[in-house]
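Engineer: Sequence first, then the predicted structure:
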Amino acid sequence: QVQLVQSGAEVKKPGASVKVSCKASGYTSSNYYMHWVRQAPGQGLEWMGVIDPSGTASHYAQKFQGRITVTRDTSTSTVYVELSSLRSEDTAMFYCASEEPGTAWFDPWGQGTLVTVSS
Amino acid sequence: QSALTQPASVSGSPGQSITISCTGTSSDVGAYNYVSWYQQHPGKVPKVMIYAVSNRPSGVSDRFSGSKSGNTASLTISGLQAEDEADYYCTSYAGGSTYVFGTGTKITVI
């Protein structure tokens, strides 16, 4: 059974950084691109970035350039997203989602990790 | 990288057909046949309904169909059912290994 399991909820203060993990099981996740998507409360989905199957190349939405880092540990089938200089507007559910190379669609998705930024 | 434009809400009666539009630019929707659509029920994880403009993943009802013309993609739901009430998002490849989502459409079955 293909599954992406994300780390638990986080509460951070403004200016801090957060690192969310996404562990794959049930398939060879190192063959897949892994994307990060966030959703602020009551708002729409927002694409944040992607890392290639080998973990050597990451690409980010212009909005997050300079604040986001996506990394991959192929030995543990885990992908991470780190967002720095957090502000209250970064409060959101963060999702990881897998893409089979060349298909340009996301499936499966992780269960989501709520990141709350509050002083 | 501006969000793709979708109508905020669309409603229909059971059995009706509805269509959701997704308007982008010649740099995203118009440039690639990589538009996908996601259904999201409240509190749930998004689920892919259509990929590569008009393809249905295994297990998705054939009541869902997709198309594209120029810079605008569309999702049509035929034979509307109560269970179709949800938020729907389009997304498109935008070049340079980046993607952009639509603003989202709330479907109400009246």
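Structural biologist: Done, it's in.
Engineer: can you pull the pLDDT of the residue in chain A sticking out farthest from the centre?
Structural biologist: Centroid-distance maximum for chain A: residue A:119 at 23.3 Å, with C-alpha atoms, centre = their mean. pLDDT for residue A:119: 96.
Engineer: And residue B:53, by the same measure?
Structural biologist: For residue B:53, the model assigns a pLDDT of 98.
Engineer: Count the neighbours of it for me.
Structural biologist: 18 (other C-beta atoms under 10 Å in any protein chain shown). For glycine as for every other residue, the C-beta is placed from the backbone atoms N, C-alpha and C.
Engineer: Check the one 4 residues further on too.
Structural biologist: Around residue B:57 sit 14 other residues, with neighbours defined as other C-beta under 10 Å.
Engineer: Which residue, other than its chain neighbours, is closest to it?
Structural biologist: The shortest distance from residue B:57 to any non-neighbouring residue, by C-beta to C-beta, 6 or more residues apart in numbering or on different chains, is to residue B:48 (5.7 Å).
Engineer: Provide the count of other residues in contact range of the one you found.
Structural biologist: Number of residues near residue B:48 (other C-beta under 10 Å) recorded here: 21.
Engineer: Equivalent analysis for residue B:71, please.
Structural biologist: Neighbour count for residue B:71, taken as other C-beta under 10 Å: 18.
Engineer: And it, how close does it get to residue B:39?
Structural biologist: 23 Å (C-beta to C-beta, to the nearest Å).
Engineer: Return the residues of chain B in contact with chain A.
Structural biologist: B:1, B:3, B:32, B:34, B:36, B:38, B:40, B:45-48, B:51-52, B:57, B:87, B:89, B:91, B:93, B:96-104 (C-beta under 8 Å from any C-beta of the partner chain).
Engineer: before we move on, back to that, could you report the separation of the residue farthest from the centre of chain A from chain B?
Structural biologist: Residue A:119 sits 27 Å away from chain B, taking C-beta to the nearest C-beta, to the nearest Å as the criterion.
Engineer: Look up how far residue A:15 lies from that residue.
Structural biologist: Per C-beta to C-beta, residue A:119 is found 9 Å from residue A:15.
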